[in-house]
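Asks: Test case, fold it:
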Amino acid sequence: MADQERIALFIDGANLYATAKSLGFDIDYKRLLREFQSRGRFVRAFYYTALVEDQEYSSIRPLVDWLDYNGYSVVTKPTKEFVDSTGRRKVKGNMDIELAVNAMEMAPHIDHMVLFSGDGDFRSLVEAVQRRGVRVSVVSTVQTQPAMVADELRRQADEFVDLASLANRIGRDPSERPARHPDMRRAPQQQAGLVNDDFVDS
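Replies: Alright, predicted model coming up:
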């Protein structure tokens, strides 16, 4: 019966990118989709990312467009720039609310939620979804120092999946990078910018 469970993916784009980068591999989103489509009755894959709007060329745009055409439901919003109390320019682009709203809307229609994020802010969402009878797997990693997953989120999940254990199934083969999706090679770089020291995730 487990192979008939209805599965939906919720991908915190910047968080997943940072986690994969910390483990030393790139995500192949086509392989990721195929991996989870094989695990049950696949319902939907949501991908969340903030976009820097007023740049002439956003390096994440090709990735977002590719995902949109290749089976993902992409949810974006513009980042906001502000200056903090020390005078440093910061970029803010948190997608937590959008992800939480979609997860609560989908809860009656799925049996298994797979959350690609280590953000501890999602603990209460996971608990709320579980109360509606949905099993929740959290995908992140404890292989880094410090771990990329918040302890409270890992404890709340029904199952914790270390991203490192999926690398050989959803990672991109470095030798394929020039041939496949050449415009996607640069695409996640903007996400790298979204998780640097100048990025505020709150």
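Asks: per-residue confidence for the residue nearest to Lys77 when sequence neighbours are not counted?
Replies: Nearest residue to Lys77 in three dimensions, chain neighbours excluded: Ala50, at 5.9 Å (Cβ to Cβ, 6 or more residues apart in numbering). Using the backbone N, CA and C atoms, a C-beta is placed for each residue, glycine as well. The score at Ala50 is 88. That number is its pLDDT.
Asks: Ok, Asp201 next?
Replies: 44.
Asks: same thing with Gly133?
Replies: 97.
Asks: For it, grab the count of nearby residues.
Replies: Look at Gly133: counted by other Cβ atoms under 10 Å, it has 10 neighbours.
Asks: which element is it on?
Replies: Gly133 is part of no helix or strand when elements are defined by DSSP states H and E.
Asks: Next up, the contacts around it.
Replies: For Gly133, the contact set (Cβ atoms under 8 Å, 6 or more residues apart in numbering) comprises Asp111.
Asks: Next one: it from Arg41, what distance?
Replies: Using Cβ to Cβ, to the nearest Å, Gly133 is found at 16 Å from Arg41.
Asks: before we move on, the earlier item: the helix or strand where the residue nearest to Lys77 lies pairs with which strands?
Replies: Assigned by DSSP H and E, Ala50 falls within strand 41-51. Sheet pairing of strand 41-51 (DSSP bridges) gives strand 6-12 (parallel), strand 73-78 (parallel).
Asks: Out of these, which one sits most buried?
Replies: For these, the largest average neighbour count (mean count of other Cβ atoms under 10 Å) is found in strand 6-12, namely a mean of 23.
Asks: How far off centre is that strand?
Replies: Centroid separation for strand 6-12 versus its chain: 9 Å, with Cα atoms, centre = their mean, to the nearest Å.
Asks: could you say what helices and strands whichever helix or strand comes after that strand packs with?
Replies: Counting by DSSP H and E, the next helix or strand C-terminal to strand 6-12 is helix 13-23. Contacting helix 13-23 under the criterion 3 or more Cβ pairs under 8 Å, 6 or more residues apart in numbering; DSSP states H and E are the following elements: strand 41-51, strand 135-140, helix 189-194.
Asks: Which among those is found nearest to Val129?
Replies: strand 135-140 (5.8 Å; Cβ to Cβ).
Asks: Need the CA coordinates for the helix or strand following the closest one. PDB is fine.
Replies: Following strand 135-140 in sequence order, the next helix or strand is helix 151-156 (DSSP H and E). Taking Å, rounded to 0.1, in the frame of the first residue of the first chain, the C-alpha atoms of helix 151-156 are listed here in PDB:
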ATOM      1  CA  ASP A 151      17.400  19.900  15.500                       C
ATOM      2  CA  GLU A 152      13.800  20.800  16.300                       C
ATOM      3  CA  LEU A 153      12.700  20.200  12.700                       C
ATOM      4  CA  ARG A 154      14.500  16.900  12.500                       C
ATOM      5  CA  ARG A 155      12.900  15.700  15.700                       C
ATOM      6  CA  GLN A 156       9.400  16.700  14.500                       C
END
